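# need a 3D model of the sequence below.
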Amino acid sequence: MLLGSFKSFIQCEQCVALTKRRFCATTKRSSANLNRFLKTFSDRRYSTSSRPLDSRWLKPEGTDTGVVVHNSLSKQKVPLILPTNSGRTATWYCCGPTVYDSAHIGHGSSYLRFDLIRRILMHVFNIDVVMVMGITDIDDKIINRAHELGTSMEAVTRKYENEFDKDMSALHILPPTVRTRVTEHIPQILQFIQRIIDNGYGYVTETGNVYFNVRKYSRYGHLSKKTLEDGEEKKSEEKGHSHDFALWKAAKPDEPWWDSPWGRGRPGWHIECSTMASEIFGAKLDIHSGGCDLLFPHHENEIAQSVAYHGCEQWANYWLHTGHLYLKPGEPKMSKSLKNIISIGELLQTYTADQFRLCCMLEHYRADIQYSEDTMLEAVNLSNRLSTFFSTCTAYIHGQLDCSPIQEAKLMQSLKDTKAKVHRALADDFKIYIALYAITDLIHEVNKELTSNVKVVPGARSPAVIAAVYAYLSRMLDIFGLNIPGVQAYQESSPVHLPSLLDSVVAFRSTVRQFAIGDKPTSEQAGSKKEVHKSLLKACDNLRQDMGLSGVRVMDLAKGSSWEITSSVAKKTNQESEERKKTEGQLEPDKLKIED
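Next up, the predicted model:
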């Protein structure tokens, strides 16, 4: 009974991280033990063969990529299949921001998680991704903000779109392949609406509004599991059904408008994404994504109007949705109206982009994230652990670290096993957190070898196997969009070749230190040399402290010393780089918000 309950519990992606923490805390067992325990059931979780595919989803024809994804339309994991003639190219439309105010970390977490998936598809599974992001630059909130500021709608949207770009860049999120704006697609939107009307799915009211008739579309609610009876009592006088949604809104006083066959007005919210996606990709796209709050009504309505326009059975083959980010359990999602937001700029004053990315990676992309000091501390500790690991490996490879003979065959097998585990986890609905468990297990195993001093044998070294582990892990972290070692930021932003400079400084300090702690002086020399040695060691300690204050950590080893750049100085470098961009006139320091 207990085992059955546990199996049921771990089938919820949102509970896996909590399960891990509770299991380890109550049983005093390692995360590796839990991973092996979970593996017992992993092949059956969301299995694509354990139950028939949902009739709401039509399996595409084409090439199986070897990846399975949880499709919000089918409510289960299904194989990711791309058209055979696409050359392993995936078409992806992502709902972008409504640019009227500052983006907060809830928005950042959603775009960051899709960025991780995009990077994995490209660099792990060799799939070219064409991502289109639609920017909503006409909306009630934008109009209200322009009135509040006493400026034009265009000034508001351009200002906050620029800040959105800055925020995404600061989080190391790749820009979309193509960016579209609603106001640049008005003619296409008018044509899209007219065909929906001609096909019998839309109707025009006496006031000049145009609505979609949901009762004409028999599959309405398949994505969200809503029924036409839900909310029927809230029907307005003008609409035929409460779920009928606006395709075109008649103009109101002091609002921007465009001419149309139905009178002056502006587009409804949902029609814009269908039109812009269709303008780029036509009647079919592979992936459509957004936060889980967009599932209804936005994405449900997108499907209805797109199928009505194209006359197809299935418009987007895969629907991906991310979980929300919360400050406290049981609280509503982060929203400016609730005054429970933390801007991306505020986040980066305390933590680095890498640390926030790791925080998002520690949960499945469909799971909710609770943002707190504890969760960020876990990410900070992991970041520091990774940084220290790379520094230790570098020291060993360069001959600066002695340890017992390394079990090469064992480590190479562990590396091989880790590669397989990581690949399997990423192919299984992008379970990055499981990949991280496998990576940290490998790091633990390597660290045990490098810190073993049971029997140090001079000349018995194995730099090749350590370099192989280093190369694989650094490549994977690069794929994940992480810059853990911290040197690259300096190399990109400084005309000085900092690593060479630091090597010289540390080598000088190491030479002085070795002299100070070298062979003991004779009794005749003891009096004079003792004070010299003491002064030299003090000078070495002072230099190490000074370098630490500058963000460079020096570690003394058996055969010299090594160094690493701490996260705080890498963060400072990134901030200084952004400040330089501002002074060069590239961006105005201001704020932006996305549709909640």
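
# tell me the gap between stretch 402-413 and the middle of its chain.
34 Å (CA atoms, centre = their mean, to the nearest Å).

# figure out the length between the terminal residues of it.
23 Å (CA to CA, to the nearest Å).

# give me the buried positions along that stretch.
For stretch 402-413, the buried set under the neighbour-count rule, 16 or more other CB atoms under 10 Å, comprises 402-403, 406-407, 411. C-beta coordinates here come from the backbone N, C-alpha and C atoms, glycine included.

# which ones among those lie within helices?
Leu411 (DSSP state H).

# adding distance to Tyr396 and pLDDT, write the buried residues of stretch 402-413 out as a markdown table.
Below are the buried residues of stretch 402-413 laid out as a markdown table (distance: CB to CB, whole Å; pLDDT from 0 to 100):
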| residue | distance to Tyr396 | pLDDT |
| --- | --- | --- |
| Asp402 | 9 | 78 |
| Cys403 | 7 | 82 |
| Ile406 | 9 | 87 |
| Gln407 | 14 | 88 |
| Leu411 | 12 | 94 |
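
# of the buried residues of stretch 402-413, closest to Thr151?
Closest to Thr151 out of these is Leu411 (61.9 Å), distances taken as CB to CB.

# all strands for the stretch 101-250 of the chain, in order.
For the stretch 101-250 of the chain, applying DSSP state E, counting those that start in this stretch gives strands covering 128-136, 178-181, 202-204, 210-212, 245-250.

# tell me the strands beside the longest one, with direction?
The partner list of strand 128-136 in its sheet, established with DSSP bridges, is strand 89-98 (parallel), strand 178-181 (parallel).

# quick one: closest of those strands to Pro267.
Smallest distance to Pro267 across the strands paired with strand 128-136 (CB to CB): 11.6 Å, for strand 178-181.

# got the contact list for the closest one?
Identification of contacts with strand 178-181 by CB atoms under 8 Å, 6 or more residues apart in numbering yields 96, 130-135, 137, 276, 279-280.

# can you say which of those residues are buried?
96, 130-135, 137, 276, 279.

# can you redo the residues you listed as TSV with pLDDT and distance to Gly345?
Rendered in TSV, the data for the buried ones among the contacts of strand 178-181 read as follows (pLDDT from 0 to 100; distance: CB to CB, whole Å):
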residue	pLDDT	distance to Gly345
Gly96	96	19
Val130	98	30
Met131	98	25
Val132	98	27
Met133	98	21
Gly134	97	24
Ile135	97	20
Asp137	95	22
Met276	97	28
Glu279	96	33
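
# now for those: which two are most distant?
Longest span within the buried ones among the contacts of strand 178-181, CB to CB: Val130 and Asp137, 21.9 Å.

# buried deepest among the strands of the stretch 101-250 of the chain, which one?
strand 210-212 (a mean of 25; mean count of other CB atoms under 10 Å).

# hang on, the earlier thing: and which of the buried ones among the contacts of strand 178-181 is nearest Ile479?
So of the buried ones among the contacts of strand 178-181, ranked by how close each gets to Ile479 (CB to CB), first place is Met131, at 16.6 Å.

# check contacts around the closest one.
Taking CB under 8 Å, 6+ apart, one finds 92-94, 118, 176-178 in contact with Met131.

# pLDDT below threshold where in the stretch 451-596 of the chain?
453-460, 485-504, 508, 518-529, 550, 558-560, 565-596 (pLDDT under 70).

# you'd agree Leu80 is in a helix?
No - Leu80 is assigned strand when assessed by DSSP: H, G, I helix; E, B strand; the rest coil, not a helix.

# output stretch 547-565 as PDB - backbone C-alpha positions only.
What follows is stretch 547-565 as a C-alpha-only set of coordinates in PDB (Å, rounded to 0.1, in the frame of the first residue of the first chain):
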ATOM      1  CA  MET A 547      43.000  38.800  -4.600                       C
ATOM      2  CA  GLY A 548      40.000  37.300  -2.700                       C
ATOM      3  CA  LEU A 549      38.600  40.800  -2.200                       C
ATOM      4  CA  SER A 550      39.000  41.300  -6.000                       C
ATOM      5  CA  GLY A 551      37.000  38.200  -6.700                       C
ATOM      6  CA  VAL A 552      39.900  35.800  -7.300                       C
ATOM      7  CA  ARG A 553      40.100  32.800  -4.900                       C
ATOM      8  CA  VAL A 554      43.600  31.300  -4.600                       C
ATOM      9  CA  MET A 555      43.900  27.600  -3.400                       C
ATOM     10  CA  ASP A 556      47.200  26.300  -2.100                       C
ATOM     11  CA  LEU A 557      48.000  22.700  -3.300                       C
ATOM     12  CA  ALA A 558      50.800  20.300  -2.800                       C
ATOM     13  CA  LYS A 559      52.800  21.400  -5.900                       C
ATOM     14  CA  GLY A 560      51.800  25.100  -6.100                       C
ATOM     15  CA  SER A 561      48.600  27.000  -6.200                       C
ATOM     16  CA  SER A 562      45.500  27.300  -8.400                       C
ATOM     17  CA  TRP A 563      42.900  30.100  -8.800                       C
ATOM     18  CA  GLU A 564      39.300  30.600  -9.700                       C
ATOM     19  CA  ILE A 565      37.100  33.600 -10.300                       C
END
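
# name the residues of it that are buried.
547, 551-555, 557, 560-565.

# what do you get for stretch 280-293?
For stretch 280-293, by 16+ other CB under 10 Å, it's 281, 284-293.

# tell me which of those fall in helices.
Per DSSP H, these map to helices at Phe281.

# and the buried residues of stretch 280-293, which two are the farthest apart?
Lys284 and Asp293 (25.6 Å).

# related to what we said a few turns ago, of the strands paired with strand 128-136, which is nearest Lys59?
strand 89-98 (16.1 Å).

# right, and Ile186 touches Ile271 too?
No - under the criterion of CB atoms under 8 Å, Ile186 makes no contact with Ile271, lying 10.8 Å away.

# Leu73 should be in a strand, yeah?
No - going by three-state DSSP, the assignment for Leu73 is coil, not a strand.

# which residues touch it?
Shown in contact with Leu73 (CB under 8 Å, 6+ apart): 54, 56-57, 222-223, 318-319.

# nearest to Ile105 among the buried residues of stretch 280-293?
Using CB to CB, the buried residues of stretch 280-293 come closest to Ile105 at Gly291, 12.9 Å.

# can you tell me the closest non-neighbouring residue to that closest one?
In space, Gly291 comes closest to Ser110 once its chain neighbours are excluded; the distance is 4.7 Å by CB to CB, 6 or more residues apart in numbering.

# repeat for Leu174
Asp115 (5.7 Å).

# need the buried ones among the contacts of strand 178-181 in CSV (columns: distance to Gly87).
As requested, the buried ones among the contacts of strand 178-181 are arranged in CSV below (distance: CB to CB, whole Å):
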residue, distance to Gly87
Gly96, 26
Val130, 11
Met131, 16
Val132, 18
Met133, 22
Gly134, 25
Ile135, 28
Asp137, 33
Met276, 24
Glu279, 22
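
# please enumerate the helices of the stretch 151-300 of the chain.
For the stretch 151-300 of the chain, helices defined by DSSP state H, counting those that start in this stretch occupy the ranges 153-170, 186-198, 269-281, 300-310.

# any low-confidence regions in this protein?
Ranges of the chain meeting pLDDT under 70: 1-55, 230-235, 336-339, 453-460, 485-504, 508, 518-529, 550, 558-560, 565-596.

# now for Leu473, how many residues are close by?
22 (other CB atoms under 10 Å).

# in the helix or strand that contains it, what's buried?
Per DSSP states H and E, Leu473 falls inside helix 463-479. By 16+ other CB under 10 Å, the buried positions in helix 463-479 come out as 465-466, 468-470, 472-474, 476-477.

# output the contacting helices and strands for the helix ranked longest in the chain.
As assigned by DSSP H, the longest helix anywhere in the chain is helix 523-549. Under the contact definition 3 or more CB pairs under 8 Å, 6 or more residues apart in numbering; DSSP states H and E, helix 523-549 sits against helix 498-516, strand 552-557.
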